[in-house]
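Q: Quick one: sequence and predicted model below, then my questions.
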Amino acid sequence: LAEQFAGRIVFHGGLDMQEVLPHGTPEQVRAAADRYCEVLGRAGGYILAPAHLFQPDVPPENILAMYGKDGRG
């Protein structure tokens, strides 16, 4: 889809709110975020975000890791 619609639409969201964000390590979250950006953001047109909003069970360190603000990204 990213290649088919490059330059015509923007993809938003996608990070796993059921497992990766609430239960994964910051490293797993960072790897998932990197993968989404690599696949969907090659030609631009991707907004890195959870599916809709962060649930209360998501550790703050995973939110920081997702956006590369944990000092390791």
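A: On my side now, so go ahead.
Q: Helices along the chain, start to end?
A: Secondary structure of the chain (DSSP state H): helices at 20-23, 26-40, 60-66.
Q: Quick one: closest of the ones you listed to F11.
A: Of all the helices of the chain, it is helix 26-40 that lies closest to F11, at 4.8 Å by CB to CB. Any C-beta I mention is one placed from the backbone N, CA and C, and that applies to glycine too.
Q: which residues sit against the closest one?
A: 2, 11, 14-16, 20-21, 24, 46, 48, 61-62, 64-68, 70, 72-73 (CB atoms under 8 Å, 6 or more residues apart in numbering).
Q: Of the helices of the chain, which is nearest A6?
A: Closest of the helices of the chain to A6 is helix 26-40, at 9.9 Å (criterion: CB to CB).
Q: got the buried residues for the closest one?
A: Applying a neighbour-count criterion of 16 or more other CB atoms under 10 Å, the buried positions in helix 26-40 are P26, Q28, V29, R30, A32, A33, Y36, L40.
Q: hmm, back to that, and the helices of the chain as TSV, adding mean pLDDT and distance to F54?
A: Output for the helices of the chain, formatted as TSV (pLDDT from 0 to 100; distance: least, CB to CB, whole Å):
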stretch	mean pLDDT	distance to F54
helix 20-23	96	7
helix 26-40	92	12
helix 60-66	94	6
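Q: H52 is nearest to which of those helices?
A: Of all these, helix 20-23 comes closest under CB to CB, at 11.7 Å.
Q: how far does that closest one sit from the chain's center?
A: Remark: helix 20-23 is offset 11 Å from the chain centroid, using CA atoms, centre = their mean, to the nearest Å.
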